[in-house]
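> Sequence unavailable; structure follows:
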């Protein structure tokens, strides 16, 4: 996966390694600006260069995901969010964790590390046993393409064990109250049956007929929120490797003595001659493209069109357009990208500086052996819309806000009437009918139940799990509807083995305390670590 292949002099060698393995799996965009040997980041007074940052950060994070080390990934603050941010968080917290080994005397033994690897589900057969072939495949086929080695699996496993042991130490002072756990467990194991009446938003919207003066007065108070989209224009080209089509290997005689009975070709095997030619062509393309990107960078983006034409790349230009209206090549999704998104997303994130090269995009992969490079040529900044431009949008927002206010006011009034009627002895259904509302019975629902339709409240269980049966609950407010709920019945369903269940839940609560303690400790350490980001572009 090549999201960005400039600023990386070892590109050709890595591609050859990928070709030798039979696939192209490159993602070197993260090396932009990370000169080998130069200090790239400082954590707790120690400098780390770019290759170290990538190996111990992004590449190891991807390996941790592949090895299903999700708890460790979570401990290192690397779940969700921006890819660059999570990779950096993973690296920083991992370095802090390593520095803490001596302080806390945590040094996993080689046997502990080996046992953790043997019991890792990523290397397990269907019956849960260690699969040597799976392990060998990862070591021999995967690690090299990420700049990693077998030792990185052991280091990652050791750090994971360190995190677990440190969590146990830090969380040892956080006791677990069994009675509180039991109470919480009982609340979660409830079943609730309720009658609900629904108040919908559309009638309130239909009743509103605002004048232009009302809309203008509304727009005057919040006009800064109605803005045009920024627009940009680009010059770009698409570079694509022209490779021969693959084809199955030719049939060969099964027995030289019987050439009339050839062996059927294996459709899973490619013709080695074609494969060799594809690899040669791909190597030539990568070397040519690498040279082009290096020259483009050296010239700070000057002669963009001339250099592209010299290399046989067709130049294309656009008019000003907004990111939401991107079309053609610029609307394509990024190919095999862990961060997702479209080409236009990254092009509109370009930040022009005094460096003319800042107007040139990374090499963005848009297909197999196909990349796009663009230059920012101009921009029309976002501005506040005129009232004429914003009228329809302002009217829609005005109606939406006023309708919700009216819906909530009506719901409050109806809730009061229904509660009074139920207290006086009427059934909930009759009280709701008098208020002009229809009712339906929902349930029994549990903590894991999801509403079966849009006409059922999303948060019915959480909103009624503490409400006494025979009582009308508080309003259940959603964006386009509000529910009034009457709790018919609440009961706790029994567990087959309540003692074992409680024991597991107490253990789980203790584990949560340990993870919380570790997370709090790491967060405090990051704040005091004086992290410095060095030699960044």
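Great, that's in hand. Model, not experiment: these values are computed from the prediction. Numbers count the residues shown, from 1 in each chain.

> Strands of the stretch 351-500 of the chain, start to end?
364-367, 370-380, 439-445, 471-472, 476-478, 481-492 (DSSP state E, counting those that start in this stretch).

> chain center to the longest helix seen in the chain, what's the gap?
Longest helix in the chain, counting residues (DSSP state H): helix 387-423. Here the centre of helix 387-423 is set off from its chain's centre by 35 Å, with Cα atoms, centre = their mean, to the nearest Å.

> Then stretch 231-243?
The answer for stretch 231-243 is 27 Å, by Cα atoms, centre = their mean.

> Likewise for stretch 323-342?
16 Å.

> who's in contact with that stretch?
Outside stretch 323-342, the residues that touch it by Cβ atoms under 8 Å, 6 or more residues apart in numbering are 1, 3, 27, 62, 82-83, 229-230, 232, 234, 236, 238, 316, 318, 321, 343-348, 364-368, 370, 372, 374. Placement of C-beta: from N, CA and C, glycine included.

> Repeat that for stretch 526-537.
If you take Cβ under 8 Å, 6+ apart as the criterion, stretch 526-537 is touched by 32-33, 35, 38-45, 47, 92-93, 96.

> rerun that using 7 Å as the cut-off
33, 35, 38, 39, 40, 41, 42, 43, 44, 92, 93, 96 (Cβ atoms under 7 Å, 6 or more residues apart in numbering).

> out of those residues, who's nearest residue 464?
residue 93 (40.3 Å; Cβ to Cβ).

> Could you list every helix and strand in contact with the host helix or strand of that closest one?
In this structure, residue 93 sits in helix 83-104 according to DSSP states H and E. Other helices and strands packing on helix 83-104, by 3 or more Cβ pairs under 7 Å, 6 or more residues apart in numbering; DSSP states H and E, are strand 39-43, helix 60-66, helix 150-170, helix 498-528.

> tell me the mean pLDDT for that helix?
Average pLDDT, helix 83-104: 89.

> Check stretch 512-523 too.
On average, stretch 512-523 scores 82.

> Stretch 237-251 now?
Averaged across stretch 237-251, the pLDDT comes to 72.

> Next: stretch 465-475.
For stretch 465-475, the per-residue pLDDT averages 91.

> how near is residue 461 to residue 199?
20 Å (Cβ to Cβ, to the nearest Å).

> Sorry, slip of the keys, the one I care about is residue 406.
Residue 406 is 10 Å from residue 199, where distance means Cβ to Cβ.

> Now stretch 380-394: buried residues?
385, 390, 391, 394 (16 or more other Cβ atoms under 10 Å).

> so what's the last one up against?
Spelled out, that is residue 394. 215, 218, 219, 226.

> Check the third one too.
If you count contacts by Cβ under 7 Å, 6+ apart, residue 391 has them with residue 215.

> State the distance from it to residue 215.
6 Å.

> Kindly report the same for the first one.
Here the distance between residue 385 and residue 215 works out to 13 Å (Cβ to Cβ).

> For residue 412, find the nearest of the strands of the stretch 351-500 of the chain.
Short answer: strand 481-492, nearest of the strands of the stretch 351-500 of the chain by Cβ to Cβ, at 9.2 Å.

> so what does the closest one touch, helix or strand wise?
Using 3+ Cβ pairs under 7 Å, 6+ apart: strand 481-492 touches strand 190-200, helix 387-423, helix 460-464, strand 471-472, strand 476-478.

> Quick check: buried residues in it?
481, 482, 483, 484, 485, 486, 487, 488, 490.

> for stretch 361-371, same thing?
361, 362, 363, 364, 365, 366, 369, 370, 371.

> out of these, who's nearest residue 524?
Relative to residue 524, and with distances defined as Cβ to Cβ, the nearest of the buried residues of stretch 361-371 is residue 362, at 35.6 Å.

> gap between that closest one and residue 348?
13 Å.

> Same question for residue 45.
Residue 45 is 38 Å from residue 348, by Cβ to Cβ.

> Specify which residue of these two has the higher count of neighbours.
residue 348 (21 against 9; other Cβ atoms under 10 Å).

> phi, psi of the closest residue to the more buried one other than its chain neighbours?
Among residues not flanking residue 348 along the chain, residue 323 sits closest, at 4.5 Å (Cβ to Cβ, 6 or more residues apart in numbering). For residue 323, the backbone dihedrals (degrees, to the nearest 10) come out as phi -60, psi -40.

> pLDDT wise, what is residue 323 at?
At residue 323, pLDDT is 93.

> Give me the neighbour count for it.
Around residue 323 there are 17 residues (other Cβ under 10 Å).

> What of residue 466?
By other Cβ under 10 Å, 11 other residues sit near residue 466.

> quick one: it from residue 490, how far?
9 Å.

> what does residue 532 give?
Distance from residue 532 to residue 490, by Cβ to Cβ: 56 Å.

> before we move on, what about residue 328?
In terms of Cβ to Cβ, residue 328 sits 58 Å off from residue 490.

> I'd say residue 363 and residue 374 touch.
No. At 9.9 Å, residue 363 does not count as touching residue 374 under the criterion of Cβ atoms under 7 Å.

> which residues does residue 197 contact?
432, 437, 438, 439, 483, 484.

> again, 8 Å this time
414, 418, 428, 432, 435, 437, 438, 439, 483, 484.

> Report the beta-bridge partners for it.
In this entry, residue 197 is beta-bridged to residue 439, residue 484, by DSSP bridges.

> confidence score at it?
94.

> which residue packs closest to residue 39, ignoring adjacent ones?
Here the residue nearest residue 39, using Cβ to Cβ, 6+ apart, is residue 47, at 3.9 Å.

> List the buried residues of the strand or helix carrying the one you found.
If you go by DSSP H and E, residue 47 is part of strand 46-49. For strand 46-49, a neighbour-count test (16+ other Cβ under 10 Å) marks 48, 49 as buried.

> Determine how far it lies from the middle of the whole chain.
Worked out by Cα atoms, centre = their mean, strand 46-49 lies 28 Å from the chain centre.

> just stretch 361-375 next, same as before
That offset, for stretch 361-375, works out to 22 Å (Cα atoms, centre = their mean).

> Report the mean confidence score over that stretch.
89.

> Pull the number of nearby residues for the nearest residue to residue 518 once chain neighbours are set aside.
The shortest distance from residue 518 to any non-neighbouring residue, by Cβ to Cβ, 6+ apart, is to residue 167 (3.9 Å). By the other Cβ under 10 Å criterion, the neighbourhood of residue 167 contains 22 residues.

> So residue 167 versus residue 120, what's the distance?
Applying Cβ to Cβ to residue 167 and residue 120 gives a distance of 19 Å.

> can you check residue 444 too?
40 Å.

> where does the stretch 201-350 of the chain dip in pLDDT?
Residues of the stretch 201-350 of the chain meeting the criterion pLDDT under 70: 246-271, 337-339.

> doesn't residue 166 make contact with residue 100?
Yes. With contact defined as Cβ atoms under 8 Å, residue 100 counts as touching residue 166 (6.4 Å).

> ok, the two, which is more surrounded?
Higher neighbour count among residue 100 and residue 166: residue 166, with 22 against 19, using other Cβ under 10 Å.

> Which positions in stretch 228-244 come out as buried?
231, 232, 234, 235, 236, 237, 238, 239, 240, 241, 243.

> Distance to residue 209 and secondary structure added to these, as JSON lines?
Formatted as JSON lines, those follow (distance: Cβ to Cβ, whole Å; DSSP: H, G, I helix; E, B strand; the rest coil):
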{"residue": "231", "distance to residue 209": "35", "secondary structure": "strand"}
{"residue": "232", "distance to residue 209": "40", "secondary structure": "strand"}
{"residue": "234", "distance to residue 209": "45", "secondary structure": "strand"}
{"residue": "235", "distance to residue 209": "50", "secondary structure": "strand"}
{"residue": "236", "distance to residue 209": "48", "secondary structure": "strand"}
{"residue": "237", "distance to residue 209": "54", "secondary structure": "strand"}
{"residue": "238", "distance to residue 209": "52", "secondary structure": "strand"}
{"residue": "239", "distance to residue 209": "57", "secondary structure": "strand"}
{"residue": "240", "distance to residue 209": "57", "secondary structure": "strand"}
{"residue": "241", "distance to residue 209": "61", "secondary structure": "coil"}
{"residue": "243", "distance to residue 209": "63", "secondary structure": "coil"}
